[in-house]
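Asks: below are the sequence and a predicted model for it; my questions follow.
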Amino acid sequence: MTKLNISLVDEMNIIRHTASAKGMYEPSYEHDACGMGFVADIKGRKSRDIIDKGLQVLKNLEHRGAVGADQFTGDGSGILIQMPDEFIRKLASEEGFVLPKEGRYGVGVMFLPQNPILRRTVENIIEKIVIDENQKFIGWRDVPVNTDVPGEGARLTQPFIRQCFIGASDDLKTQDDFERRLYLIRRIIDHRIRTELKCDRSKYYVPSFSSRVLIYKGMLLAQQLVDYYKDLHDPVLKSAIAMIHLRFSTNTFPTWDLAHPFRIIAHNGEINTLRGNKNWMRAREAVMESPYFGKDLKRMLPIIMDGQSDSATFDSVLELLVMSGRSLPHAMMMMIPEAWSKNDLMDPDRKAFYEYHATIMEPWDGPAAVVFTDGNIIGATLDRNGLRPSRYVVTKDDLVILSSEAGVLEIEPENISYKGKLQPGRMFILDLTQGRIIDDEEVKKKIVTRKPYRMWVEENMLKFDHLPDPPFTHPVDHYTIVNRQRIFGYTKEDLMTVIRPMAINGEESICSICSDAAFAVLS
């Protein structure tokens, strides 16, 4: 007999895909945690070493990822880095392009159809929209990949991967303005291609479209990511941050586009309130306004595309909040708030901030640890219940390693400055422009005092307690009350154990939830 060589990861996935319901166990409720984290230089110094360390963390989280029946097809992995200007200029030179100065050009990473005719049609739409939006389309580049690396399942849906280069127009004075224009262009392209060409996510997707960050990801295992993208071996590729993710898909099937990181976040967890969140976002689109986009906002709707995972949906909404003028920590506080409503020990200004924003955005609740970045800051936050722990290490040579678990990178003990773990509802923020770690208290204090939220809540919020008692509009008919109780199914038990305590004491009674109705044959 041939001995099967089954790794721990393979064994767990066999259990995951073959387990049957037994007793109180239901395999459809099985949820697992992805591996995620980041490596960053506190002082913002770009280096090849940061990327190497990020990729090493990814490999050390291999047990967090999932594979299917084909053990070479993973659920997804990826890495997000800062725009590597020196590397991009080298690529542009090889392609014969001339790029503007750093911050004045953007790079779009595109998952395109394998069909060359359809792919060229998609590319024509992209080029036309960029030009129509008054930006400079510079050119295309094929991303060199090793197509033999993915497993058979991943190869069947493998996209054709290209990068496009876009220059900023002279009327855009800041990089923030350029980022917003790139965001608008990408949204318009997405809608045009989906509506006109009927291309779904399997044929067309944009992992990143930015002047600040660059993403390499796919339906790959950790080592496969490194072997697949030849760019990741280039010594000129440098960054001060490396945000990584290894996926264990729970709410959706694994696909190339749903691998993390997304454009801002990498997510370890699940959004259990997703249906309500999506419905509320769709309802808000009718009244949505922004001084940054004006009438162009309507061209980007709907914000949430069909078929997105909970993480991709979260990322889309977070991206909208950030592009509309809020800071990234501010937007994260709106979407994943602390447990504030019954916390009498919380600072009143902070509590008022959450109360004010609760009228604008409902919580995206669930067990979640999220790492996020806009290229200038990188951070992490934890859900209010702390159900997806994350740990971090800060070294004496200004390195930060944060991950879904400890021990993902070997650090000499004498080089450790301090270490800790994320607390429920708290944030860990690293500002690369300031070159320092900003603690949760300082970050939130600055945000909650930026506007007079407390005054707005106290002066403008109308609560039920403030409303006058409603007058009785109809006299109570005591003569027919018994008949009406019978019609609506009231029983003596309802009157004595439920309604009577409520009428006398103003509180709900505690009673057993069961049925003592007689069997039909005995009634």
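Replies: Perfect, thanks for sending it. Numbering: from 1, shown residues only.
Asks: what's the spacing between Val213 and Trp280?
Replies: Distance from Val213 to Trp280, counting by Cβ to Cβ, to the nearest Å: 28 Å. Backbone N, C-alpha and C define where each C-beta goes, glycine included.
Asks: ok, Arg155 - how many residues close by?
Replies: 15 (other Cβ atoms under 10 Å).
Asks: hmm, Arg141 and Leu91 touching each other?
Replies: Yes - look at Leu91 against Arg141 with Cβ atoms under 8 Å: they come within range, at 5.9 Å.
Asks: any shared contact partners between these two?
Replies: Gln163 (Cβ atoms under 8 Å, 6 or more residues apart in numbering).
Asks: about what we covered before: and Val213 and Trp280? Which one has more around it.
Replies: Higher neighbour count among Val213 and Trp280: Val213, with 25 against 13, using other Cβ under 10 Å.
Asks: that one and Ile79 touch, don't they?
Replies: No - Val213 lies out of contact with Ile79 (Cβ under 8 Å); the separation is 10.6 Å.
Asks: so which residues of the stretch 201-350 of the chain form strands?
Replies: Assigned strands in the stretch 201-350 of the chain, in chain order: 205-210, 213-218, 241-246, 265-269 (criterion: DSSP state E, counting those that start in this stretch).
Asks: most neighbours per residue, which of the ones you listed?
Replies: Greatest average neighbour count among these goes to strand 241-246 (a mean of 29), per mean count of other Cβ atoms under 10 Å.
Asks: quick one: average pLDDT of it?
Replies: Model confidence over strand 241-246, given as mean pLDDT, is 93.
Asks: how about stretch 346-366?
Replies: The average of the pLDDT scores along stretch 346-366 is 92.
Asks: ranges for the helices of the stretch 351-500 of the chain?
Replies: Under the criterion DSSP state H, counting those that start in this stretch, helices of the stretch 351-500 of the chain are mapped to 440-448, 453-460, 481-487, 492-493, 500-505.
Asks: and Cys34, which of the ones you listed is closest to it?
Replies: Comparing the helices of the stretch 351-500 of the chain by their distance to Cys34 (Cβ to Cβ), the top pick is helix 440-448, with 23.4 Å.
Asks: tilt between the closest one and helix 453-460?
Replies: Going by axes from the mean of the first three to the mean of the last three Cα atoms, to 10 degrees, helix 440-448 is angled at 50 degrees with respect to helix 453-460.
Asks: check which helices and strands helix 440-448 sits against.
Replies: Applying 3 or more Cβ pairs under 8 Å, 6 or more residues apart in numbering; DSSP states H and E, we find helix 440-448 packed against helix 328-335, helix 348-357, strand 427-431.
Asks: now do the shared contacts for Val213 and Ile79.
Replies: Common contacts of Val213 and Ile79, defined by Cβ under 8 Å, 6+ apart, are absent altogether.
Asks: and the residue nearest to Gly167 when sequence neighbours are not counted, how far from Arg162?
Replies: Closest residue in space to Gly167, ignoring its immediate chain neighbours: Lys136 at 3.5 Å, by Cβ to Cβ, 6 or more residues apart in numbering. Going from Lys136 to Arg162 by Cβ to Cβ gives 18 Å.
Asks: higher neighbour count, these two?
Replies: Arg162 (18 against 15).
Asks: starting at the chain centroid, how far to the helix or strand encompassing the more buried one?
Replies: Arg162 belongs to strand 160-167 when assigned by DSSP states H and E. Offset of strand 160-167 from its chain centre (Cα atoms, centre = their mean, to the nearest Å): 24 Å.
Asks: can you name every helix or strand that the helix or strand that comes right after it contacts?
Replies: Scanning forward in sequence from strand 160-167 by DSSP H and E, the next helix or strand is helix 175-196. On a contact count with 3+ Cβ pairs under 8 Å, 6+ apart, helix 175-196 meets strand 105-112, helix 116-132, strand 205-210, helix 310-323.
Asks: flag every buried residue along helix 175-196.
Replies: 175, 178-190, 192-194 (16 or more other Cβ atoms under 10 Å).
Asks: tilt between it and strand 213-218?
Replies: Going by the same axes, to 10 degrees, helix 175-196 makes 40 degrees with strand 213-218.
Asks: avg pLDDT for helix 175-196?
Replies: Helix 175-196 shows a mean pLDDT of 93 in the predicted model.
Asks: give me the contact list for it.
Replies: 103-104, 106, 108, 122, 125-126, 129-130, 133, 135, 166, 168-169, 172, 199-200, 204, 206, 209-212, 292-293, 296, 299-300, 305, 319, 323.
Asks: 7 Å instead?
Replies: The contact list for helix 175-196 (Cβ atoms under 7 Å, 6 or more residues apart in numbering) reads 103, 106, 122, 125-126, 129-130, 133, 135, 166, 168, 172, 199, 204, 206, 209-212, 292-293, 296, 299-300, 323.
Asks: for stretch 381-399, same thing?
Replies: Residues contacting stretch 381-399 (Cβ under 7 Å, 6+ apart): 33, 41-43, 268-269, 332, 336, 338-339, 366-370, 380, 400-406, 411, 415-428, 437.
Asks: need the buried ones from these selected in ChimeraX.
Replies: In ChimeraX, selecting the buried portion of those, with burial taken from 16+ other Cβ under 10 Å, looks like this:
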select :33,41,42,268,269,332,336,338,366,367,368,369,370,380,400,401,402,403,404,405,411,422,425,426,427,428,437
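Asks: which helices and strands sit right next to the strand holding Arg162?
Replies: When contacts are defined as 3 or more Cβ pairs under 7 Å, 6 or more residues apart in numbering; DSSP states H and E, strand 160-167 packs onto strand 105-112, helix 116-132, strand 136-142.
Asks: wait, which of the ones you listed is closest to Gly489?
Replies: It is, among those and with distance given as Cβ to Cβ, strand 105-112, at 57.6 Å.
Asks: name every strand pairing with the closest one and say which way it goes.
Replies: Here strand 105-112 has these sheet partners by DSSP bridges: strand 160-167 (antiparallel), strand 205-210 (antiparallel).
Asks: distance to Gly23 and mean pLDDT added to those, as CSV?
Replies: Listed next are these as CSV, based on distance: least, Cβ to Cβ, whole Å; pLDDT from 0 to 100:
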stretch, distance to Gly23, mean pLDDT
strand 160-167, 46, 96
strand 205-210, 41, 95
